[in-house]
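> A predicted structure for the sequence below; I have some questions about it.
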Amino acid sequence: MLRVRLYTEVRFEVMFQEGLDTVLYVYYLEIAPKE
């Protein structure tokens, strides 16, 4: 049970990190050039 919970938390962190990287990438492409 503990292992499943740990696996889920790690997976969530990876998904969150990928989402954050995507947001930063889009921000860099879309907003940075306009300033």
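Done, it's in. Residues are numbered from 1 along each chain as shown.
> drop to CA atoms for contacts and neighbour counts, all remaining ones
Fine.
> any weak-confidence spans in the chain?
Of all residues in the chain, those with pLDDT under 70 make up the ranges 1, 35.
> tell me which element residue 12 is part of?
Element membership for residue 12 (DSSP states H and E) is helix 2-30.
> show me what that helix is packed against.
Applying 3 or more Cα pairs under 8 Å, 6 or more residues apart in numbering; DSSP states H and E, one finds that helix 2-30 contacts no other helix or strand.
> how far off centre is that helix?
3 Å (Cα atoms, centre = their mean, to the nearest Å).
> buried residues, it. List them.
Buried residues in helix 2-30, counted by 16 or more other Cα atoms under 10 Å: none are found.
> quick thing: my sequence starts at 769, can you match it?
Yep, numbering from 769; the last one is helix 770-798 now.
> contacting residues around residue 799?
Contact analysis of residue 799 by Cα atoms under 8 Å, 6 or more residues apart in numbering lists nothing.
> and it, how close does it get to residue 792?
Relative to residue 792, residue 799 is positioned 10 Å away (Cα to Cα, to the nearest Å).
> how close does residue 796 get to residue 786?
Separation of residue 796 from residue 786 (Cα to Cα): 15 Å.
> kindly apply the preceding question to residue 793 instead.
From residue 793 to residue 786 the distance is 10 Å (Cα to Cα).
> which residues do the two both contact?
What both residue 793 and residue 786 touch, as defined by Cα under 8 Å, 6+ apart, is an empty set.
> what number of residues lie near residue 802?
7 (other Cα atoms under 10 Å).
> and it, how far is that from residue 772?
45 Å.
> and what of residue 796?
36 Å.
> for residue 787, same thing?
Residue 787 sits 22 Å away from residue 772, going by Cα to Cα.
> and what of residue 797?
Taking Cα to Cα, one finds residue 797 at 38 Å from residue 772.
> same question, residue 786
Counting by Cα to Cα, the gap from residue 786 to residue 772 is 21 Å.
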